[in-house]
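Trainee: what would the 3D arrangement of this be:
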Amino acid sequence: MGKTYKMRNFYETITQFSHKLSISEKQEVFDEIFEFLQFNFKIDSLKIYLKKSGISSSVFDNSDEANSAFFYTYKTKLTNSLELTFGIIFKNQSKLDELKKDTANINISLDILSMNIYTKHLENTISDILIIDLLTGCYNRTYLNHYIRSIFSLALREGKKIAFLKVGVDHFKAVLDEFNYEIGDRVIKRLAQVLQAGTRDSDLVIRVSNDAFLVLLQNIYFFHKIIIFFHNAPNFKHSSILLIASKI
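Mentor: Below you'll find the predicted structure:
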């Protein structure tokens with residue numbers, strides 16, 4: 001009876017914690033998961049890997065390689081192409097041995113927490129779809145509408161200038177009329193590549209319409225910095241777009 005009561009209490013604890021995670025920001029989730037496991041299972045550090053379509057990547061790792069000798073590993077399959085691996089790390093064997101005496105709670109915890117991680121993964125994927133232009137990989141107008149106020153506020157607070165440059169393709173409709181939409185897409189993708197190659201990591205390239213981009217240059221102190229952008233950017237005018245058997 002005592003063990004049943006203890007288990008019931010733990011299920012309530014993990015359920016409440018899972019609900020808390022569901023309303024947490026993504027960047028906070030992994031730290032909170034570690035703190036929960038540290039408090040309840042006395043772990044010393046944690047590694048989490050996400051394997052997608054056979055490719056594994058680390059999503060969280062606060063371990064110290066010099067003190068990472070004792071592992072408890074748990075894998076859970078989220079979908080046919082998505083697998084999550086938890087690496088529970090202890091600094092001494094006795095802690096690991098204690099955990100292995102009864103793995104039911106830790107396994108249930110990791111199963112539940114993996115669903116929280118999966119939910120955050122889906123939210124992030126959906127968020128990217130909403131703000132990223134699928135053709136070019138640049139930000140889209142939705143991103144601009146949501147974040148422009150924050151960009152202005154930061155610039156005002158730090159006393160820095162921002163430059164907006166609108167760049168488009170002349171006679172783009174003529175390209176579509178003479179060729180087709182597939183060729184038109186290639187032209188737009190090439191322009192996006194040129195703009196991204198000519199900007200810094202702090203700048204933004206945003207596709208605002210079918211044939212136009214808004215380039216947002218941040219931290220511009222002098223007007224000539226804008227001129228440098230055009231000077232350094234590859235010359236789109238002389239770019240070649242591959243057709244079936246020729247170039248334009």
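Trainee: name the nearest residue to A69, sequence neighbours excluded.
Mentor: With CB to CB, 6 or more residues apart in numbering as the criterion, A69 has its nearest non-adjacent residue at 7.4 Å, and that residue is K91. Heads up, the C-betas are built off the backbone N, CA and C, glycines and all.
Trainee: I89 too?
Mentor: Distances taken as CB to CB, 6+ apart put S45 closest to I89, at 4.4 Å, once the chain neighbours are dropped.
Trainee: so what does the top helix by length along the chain touch, helix or strand wise?
Mentor: Determined from DSSP state H, the single longest helix within the chain is helix 104-131. Judged by 3 or more CB pairs under 8 Å, 6 or more residues apart in numbering; DSSP states H and E, the packing partners of helix 104-131 are helix 2-22, helix 26-41, strand 45-52, strand 70-79, strand 82-90, helix 141-158.
Trainee: go again with 7 Å.
Mentor: For helix 104-131, the packing partners by 3 or more CB pairs under 7 Å, 6 or more residues apart in numbering; DSSP states H and E come out as helix 2-22, helix 26-41, strand 70-79, strand 82-90, helix 141-158.
Trainee: may I see the buried residues of it?
Mentor: Of all the residues in helix 104-131, those buried under the rule 16 or more other CB atoms under 10 Å are 105-106, 109-110, 113-114, 116-118, 120-121, 131.
Trainee: okay, the helices and strands packed on helix 104-131, which one's buried deepest?
Mentor: Most buried of the helices and strands packed on helix 104-131, by mean neighbour count (mean count of other CB atoms under 10 Å): strand 82-90, with a mean of 21.
Trainee: contact partners of it?
Mentor: Outside strand 82-90, the residues within contact range by CB atoms under 7 Å, 6 or more residues apart in numbering are 37, 43-52, 63, 68, 70-78, 96, 110, 114, 117.
Trainee: what about 8 Å?
Mentor: Contact partners of strand 82-90, identified using CB atoms under 8 Å, 6 or more residues apart in numbering, comprise 37, 41-52, 56, 63, 68-78, 96, 99, 106, 110, 114, 117-118, 121.
Trainee: return it as CSV; C-alpha atoms alone will do.
Mentor: Taking only C-alpha atoms (Å, rounded to 0.1, in the frame of the first residue of the first chain), the coordinates of strand 82-90 have been written out as CSV:
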residue,chain,number,x,y,z
LEU,A,82,11.8,10.6,-35.1
GLU,A,83,13.6,9.1,-32.0
LEU,A,84,14.7,10.7,-28.8
THR,A,85,17.6,9.4,-26.6
PHE,A,86,18.2,10.5,-23.0
GLY,A,87,21.6,10.1,-21.5
ILE,A,88,21.3,10.2,-17.7
ILE,A,89,24.8,10.8,-16.3
PHE,A,90,26.0,10.2,-12.7
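Trainee: tell me how many other residues surround L50.
Mentor: For L50, the number of neighbouring residues by other CB atoms under 10 Å comes to 19.
Trainee: need the contact list for it.
Mentor: When the contact criterion is CB under 8 Å, 6+ apart, the partners of L50 are 56-57, 59, 82-84, 117, 121.
Trainee: helices or strands up against the host helix or strand of V167?
Mentor: When elements are defined using DSSP states H and E, V167 is found to belong to strand 161-168. In this structure, strand 161-168 packs against helix 141-158, strand 212-220, helix 224-232, with contacts taken as 3+ CB pairs under 8 Å, 6+ apart.
Trainee: of all these, which one is nearest S202?
Mentor: Shortest separation from S202 across the helices and strands packed on strand 161-168 is recorded for strand 212-220, at 5.0 Å, computed as CB to CB.
Trainee: quick check: mean pLDDT of the closest one?
Mentor: Here strand 212-220 scores 86 as its mean pLDDT.
Trainee: sheet partners, orientation included, of it?
Mentor: Partner strands for strand 212-220, per DSSP bridges, with pairing direction: strand 161-168 (antiparallel), strand 204-209 (antiparallel).
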